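K.L.:
below: sequence and its predicted model.
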Amino acid sequence: MVCLGNICRSPLAEGILKSKVSTNTILVDSAGTAGYHIGNSPDIRSIAVAKKYGIDISKQVCRKFSKKDFSDFDIIYAMDKSNYTNIIAKTTNKEELNKVKLLLNEIDLKINEVPDPYYGGDQGFEDVYNLIDKACTVIANKLTISKDQ
């Protein structure tokens, strides 16, 4: 799960997906394409909205997306087109490129980008939580189906 700073959207996506899958068999992590907040905790508003739904993301630590993520992960979800572009710029082959997807392309919406709630109020974090939750439900169902086959 990748956004710009790894403090708002991607930590929520990491926490939400972890709450829906077996973390014993599925590795879920998050990162940012920019290194603004390396080592910091997620934004307090992301922590609060996750906590409201019974998910604790307070112990996550922000990190920057790295080239190694292409070998560590089978799928890399970008929160928006800008971060998608930043990620694919680091790819060196078609296999890496095929791993990168927009998160909201997993669900049938008129929008395909998770808006950045950083400069908005609490409702923006609530809205982002709900968008990510819908996409993570679809992803978790796909992972469960493929795991069971």
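P.N.:
Received the coordinates, thanks.
K.L.:
show me which residues of the helix or strand hosting residue 142 are buried.
P.N.:
Residue 142 belongs to helix 122-148 when assigned by DSSP states H and E. Residues 124-125, 128-129, 131-136, 139-140, 143 are the ones in helix 122-148 that count as buried (16 or more other CB atoms under 10 Å). (Glycine included, C-beta is placed from N, CA and C.)
K.L.:
pLDDT wise, what is residue 143 at?
P.N.:
We have a pLDDT of 88 for residue 143.
K.L.:
what of residue 121?
P.N.:
The model reports residue 121 with a pLDDT of 89.
K.L.:
and the gap between it and residue 43?
P.N.:
Per CB to CB, to the nearest Å, residue 121 is found 12 Å from residue 43.
K.L.:
neighbour-wise, which of those two wins?
P.N.:
Between residue 121 and residue 43, counted using other CB atoms under 10 Å, residue 43 has the larger neighbour count: 22 against 9.
K.L.:
how about that one, nearest residue that isn't a chain neighbour?
P.N.:
Spatial nearest neighbour of residue 43, excluding adjacent residues (CB to CB, 6 or more residues apart in numbering): residue 7 at 4.5 Å.
K.L.:
and that neighbour, which helix or strand is it part of?
P.N.:
Using DSSP H and E, residue 7 falls within no helix or strand.
K.L.:
ok, it - contacts?
P.N.:
Applying CB atoms under 8 Å, 6 or more residues apart in numbering, we find residue 7 in contact with 32, 37, 40-43, 46, 62, 118.
K.L.:
ok, those vs residue 54, which is closest?
P.N.:
residue 46 (14.4 Å; CB to CB).
K.L.:
residues near residue 102, how many?
P.N.:
Residue 102, neighbours per other CB under 10 Å, totals 17.
K.L.:
wouldn't it be in contact with residue 84 here?
P.N.:
Yes. Counting by CB atoms under 8 Å, residue 102 touches residue 84, with 5.7 Å between them.
K.L.:
which neighbours do the two share?
P.N.:
residue 78.
K.L.:
tell me which residues are up against stretch 138-147.
P.N.:
Residues outside stretch 138-147 that contact it (CB under 8 Å, 6+ apart): 17, 20-21, 25-26, 77, 106-107.
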